[in-house]
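Q: got a structure for you, letters missing:
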Ligand SMILES: [Zn+2]
């Protein structure tokens, strides 16, 4: 019996998911690890299936994606962690609570969400608050902000989406160091409030 068959016949995806720190509800639902999921949309049982991003596979695919391993290494890890066929101790690493790859991924996704929202806002401002004629003396602050921030924001998004892990890591570290995300969040929140006020005013006018 091959290692793959042995592992798949003895460990369900659900058992692996729980052992590796995922919260799985009694009905077998969990937050998907393959897309940014705020409400559990992944069904985990023998195999897994995400109703939102349609990621699917077996326990080996799941473990491979979770830890960034090849299918063979994932099968070996599962065998070692679940004591299926005893491997030399060096090959059976302790089970981490949440894999570093997963927590990095979540951070990157959270950063990307804010950055792309901000990019949208800046693009809108660049159109909406552009000076009507070239000789307007005082430019709207929002237009200036769009000019200043659009390029760096787009660059940050590119880096976070880069296939080079070093580039992603560096950008993420830079974003954290400069506290960029909380600043962007504040701007987005402020703007959301403005939009709401506008809507209320329109309601009153109607
Ligand atoms: Zn998903």
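A: Yes, it's here. Here the structure is a predicted model, which means the values were calculated and not measured.
Q: what residues does the protein have near the ion?
A: Where the chain comes near the ion, counting by CB under 5 Å from the ion, the residues are 32, 34, 35, 50, 52, 53, 55. C-beta coordinates here come from the backbone N, C-alpha and C atoms, glycine included.
Q: of those - the most surrounded one?
A: With neighbours defined as other CB atoms under 10 Å, the most crowded of the residues of the chain next to the ion is residue 32; it has 24 neighbours.
Q: what's near enough to touch that residue?
A: Counting by CB atoms under 8 Å, 6 or more residues apart in numbering, residue 32 makes contact with 40, 41, 42, 50, 52, 53, 55.
Q: doesn't it lie inside a helix?
A: No: when the secondary structure is assigned by DSSP: H, G, I helix; E, B strand; the rest coil, residue 32 falls in coil instead of a helix.
Q: and it, what pLDDT?
A: On the pLDDT scale, residue 32 is placed at 90.
Q: quick one on the thing from earlier: so can I have CSV of the residues of the chain next to the ion showing distance to residue 183?
A: As requested, these are arranged in CSV below (distance: CB to CB, whole Å):
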residue, distance to residue 183
32, 29
34, 29
35, 26
50, 32
52, 30
53, 30
55, 33
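Q: so which of those belong to strands?
A: residue 50 (DSSP state E).
Q: now flag whichever of the residues of the chain next to the ion is closest to residue 118.
A: Sorting those by distance to residue 118 puts residue 35 at the head of the list, at 20.5 Å, by CB to CB.
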